[in-house]
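Trainee: prediction below, plus the sequence it came from.
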Amino acid sequence: MTVRNFARAHRFSILIITATFVVAVIWTSVVILRPMPPRTVTMVTGPEGSAYYEFGRRYREILAREGIELHLRPTAGALENLKQLSDPRYGVSIGLLQGGTASEKDSPDLASLGTVAYEPLWFFYRSEFHGKGLESLRGKRISIGPEGSGSRALTLELLARNGIDQNFAELLALTPQAAGEKLREGEIDAALMLTSWDSSVVRRLLADSSVELASFPRAEAYVALFPFLNKVIVPAGVGDLEKNRPPGDAVLLAPKASLAVRKDLHPAIQYLLLDAAMQIHSGPGIFQKPGQFPAAESIDLPLSEEARQFYKTGRPFLQRYLPFWLAVFLGRLLLLLIPLLGIFFPLVRFVPPLYGWQVRRKIYRSYGELRFIEHALDDRNQGQRVSDLVEQLDRLEDRVDHLHVPVFYAEMLYILRVQLTLVRGRLERSMK
């Protein structure tokens, strides 16, 4: 019996089996497989008004379009971001980290979605110290960023490499915004801040004639000693062409910022973040070319599997053409259906022969009983009365009349009934 004939003969049964199979698959995908993505996730940024915080706001806007609520949690900076992201008790899943602050060994539960921007270390100082060198700032008031910030950690490391300790000057824990305002007002003498070119405080300080931007000498040496650092150039006049601010090219040191997540963050959310990163960070900038970011770079943390796949092939196929939640649900179904169909289709091919064997078995068993009656009729020494054989034949014939078989086997059933009629004729002749 072919699969086509079997399907025609059992349309209703196949419909019931298929519906049951589909319901079972959906139930399994909902109950057993990995849960659907969370509706709410939390991201640590930096202080309000910082570049990290502004990036976070843009991520929040993009994820909201897909029905994901992104909570932003302001922090002192990259070190505090790392602390909260590493500890599951904080309930944080996403964060921006400065290059050189994390490591795979110390943060085994974290993964990177790639680098997203340069984060230059800006060294602004009052104009009256211009040309006098770093020694002129000894004992002065210098902001190096608040506790927990990447600016403070990097500045202290660079000062230590130059043999300068915290006794060199009064080191203040100010945010970039506060430091910028105090520097312009003359309340402090210098400020180091780790923030992007797009930061409003950087733009104001570059255009202010009472403030100068320092250029880092021996930048190549710093890059060699600290592989997470990069050398970037601030062109003369980029802050204000009319006033030629800054008056000359300045060499800065810049780690790269990475978008980091906890490894247990749902893959679908990771893909959403990566897609958002493409929209936010892929444009050209003063230090970057179009399409340079986000980049598949694992500076401190390994790339997540989702990130590796994204940089190779882009968003998952279903998410390109379907609404986010529908794409996620169908993707989960496919993950379950593919192995199940691998089992189901061989079974479909095996069922018709098995069913055919069952039908033939019933018919052949009836043939066996009929043959027994014929042998009893021929064996006169058996002593069995003809009336008893007639009763056996009646019972057999009744069962055969209630035997339902597909059309494909109707010919076999018809021949069996003909044989029953012939045997009944012999029995009737024997009774005369």
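Mentor: That came through fine.

Trainee: any idea how far Ile233 is from the most centrally placed residue in the chain?
Mentor: When CA atoms, centre = their mean is applied to the chain, the residue found nearest the centroid is Pro267 (1.7 Å). Computed as CB to CB, to the nearest Å, the Pro267 to Ile233 distance reads 39 Å. C-beta coordinates here come from the backbone N, C-alpha and C atoms, glycine included.

Trainee: pretty sure Met43 sits in a strand.
Mentor: Yes: per DSSP: H, G, I helix; E, B strand; the rest coil, Met43 lies within a strand segment.

Trainee: ok, and the closest non-adjacent residue to Lys263?
Mentor: Ala111 (5.0 Å; CB to CB, 6 or more residues apart in numbering).

Trainee: mind listing what the one you found touches?
Mentor: Counting by CB atoms under 8 Å, 6 or more residues apart in numbering, Ala111 makes contact with Ala260, Val261, Arg262, Lys263, Leu301, Pro302, Leu303, Ser304, Ala307.

Trainee: picking up where we left off before, which residues are in contact with the residue nearest to the centre of the chain?
Mentor: Glu305, Glu306.

Trainee: and for Lys362?
Mentor: Neighbours of Lys362 in contact, by CB under 8 Å, 6+ apart: Leu403, Val405.

Trainee: how about it, secondary structure?
Mentor: Three-state secondary structure (criterion: three-state DSSP) places Lys362 in helix.

Trainee: per-residue pLDDT of it, please?
Mentor: Lys362 carries a pLDDT value of 79.

Trainee: how much space between it and Glu369?
Mentor: Lys362 is 11 Å from Glu369, where distance means CB to CB.

Trainee: any low-confidence regions in the chain?
Mentor: By pLDDT under 70, the low-scoring segments of the chain are 1-34, 325, 329-330, 332-352, 354-355, 380-384, 432.

Trainee: tell me where it has strands.
Mentor: 40-44, 69-73, 94-98, 110-118, 121-126, 141-143, 170-172, 190-194, 211-213, 229-234, 250-262 (DSSP state E).

Trainee: the second one versus strand 40-44: what angle between them?
Mentor: Here strand 69-73 runs at an angle of 30 degrees relative to strand 40-44 (axes from the mean of the first three to the mean of the last three CA atoms, to 10 degrees).

Trainee: got a list of what the residue nearest to Ile363 when sequence neighbours are not counted touches?
Mentor: Among residues not flanking Ile363 along the chain, Met412 sits closest, at 5.2 Å (CB to CB, 6+ apart). Counting by CB under 8 Å, 6+ apart, Met412 makes contact with Arg360, Ile363, Val405.

Trainee: number of nearby residues for the last one?
Mentor: Neighbour count for Val405, taken as other CB atoms under 10 Å: 17.

Trainee: repeat that for Tyr409.
Mentor: Neighbours of Tyr409 (other CB under 10 Å): 18.

Trainee: contacts only, for the nearest residue to Ala51 once chain neighbours are set aside.
Mentor: What sits nearest to Ala51 in space, not counting adjacent residues and going by CB to CB, 6+ apart, is Ser196, at 3.8 Å. Going by CB under 8 Å, 6+ apart, Ser196 touches Ala51, Ala117, Tyr118, Glu119, Pro120, Val202.

Trainee: quick check: phi and psi at Ser196.
Mentor: When read as degrees, to the nearest 10, the backbone of Ser196 gives phi -80, psi 170.

Trainee: what about the helices in this structure?
Mentor: 3-9, 11-31, 51-64, 78-86, 150-161, 176-184, 200-207, 219-225, 267-281, 305-313, 317-321, 324-378, 386-401, 410-430 (DSSP state H).

Trainee: now these as CSV including distance to Arg138?
Mentor: As requested, the helices of the chain are arranged in CSV below (distance: least, CB to CB, whole Å):
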stretch, distance to Arg138
helix 3-9, 90
helix 11-31, 67
helix 51-64, 30
helix 78-86, 27
helix 150-161, 12
helix 176-184, 18
helix 200-207, 22
helix 219-225, 21
helix 267-281, 39
helix 305-313, 45
helix 317-321, 57
helix 324-378, 57
helix 386-401, 111
helix 410-430, 108
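
Trainee: can you tell me which of these comes nearest to Gly100?
Mentor: Smallest distance to Gly100 across these (CB to CB): 7.0 Å, for helix 150-161.

Trainee: turn the contacts of Met412 into CSV, columns for distance to Gly77.
Mentor: Converted to CSV, the contacts of Met412 look like this (distance: CB to CB, whole Å):
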residue, distance to Gly77
Arg360, 79
Ile363, 83
Val405, 80
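
Trainee: returning to what we had before: between the strands of the chain, which gets nearest to Leu427?
Mentor: Nearest to Leu427, of all these, is strand 40-44, at 83.2 Å by CB to CB.

Trainee: give me the distance from the closest one to the chain's centre.
Mentor: 15 Å (CA atoms, centre = their mean, to the nearest Å).

Trainee: pull up the pairing partners for it, direction included.
Mentor: As defined by DSSP bridges, the strand partners of strand 40-44 come to strand 69-73 (parallel), strand 94-98 (parallel).

Trainee: out of those, which one sits most buried?
Mentor: Among these, strand 94-98 has the highest mean neighbour count (mean count of other CB atoms under 10 Å), at a mean of 28.

Trainee: measure how it sits relative to helix 51-64, angle-wise.
Mentor: Using the same axes, to 10 degrees, strand 94-98 lies at 150 degrees relative to helix 51-64.

Trainee: relative to strand 190-194, how tilted is strand 94-98?
Mentor: Going by the same axes, to 10 degrees, strand 94-98 makes 130 degrees with strand 190-194.

Trainee: just the CA atoms of strand 94-98, as CSV, please.
Mentor: Provided in CSV are the C-alpha atoms of strand 94-98 (Å, rounded to 0.1, in the frame of the first residue of the first chain):
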residue,chain,number,x,y,z
ILE,A,94,23.9,44.8,29.7
GLY,A,95,26.6,47.4,30.1
LEU,A,96,29.2,49.4,28.4
LEU,A,97,32.8,48.6,29.4
GLN,A,98,36.0,50.5,28.8
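
Trainee: can you give the contact residues for that strand?
Mentor: By CB under 8 Å, 6+ apart, strand 94-98 touches 41-46, 52, 55-56, 59, 70, 77-78, 81-82, 84-85, 116, 119, 150, 154, 194, 255, 257-262, 265, 273, 300-301.

Trainee: buried among those residues? Make that a ChimeraX selection.
Mentor: The following ChimeraX command selects only the buried members of the contacts of strand 94-98, with burial defined by 16 or more other CB atoms under 10 Å:
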select :41,42,43,44,45,46,52,55,56,59,70,77,78,81,82,84,85,116,119,150,154,194,255,257,258,259,260,261,262,265,273,300,301
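
Trainee: quick check: Asp249 touching Gly237?
Mentor: No: counting by CB atoms under 8 Å, Asp249 stays clear of Gly237, with 9.5 Å between them.
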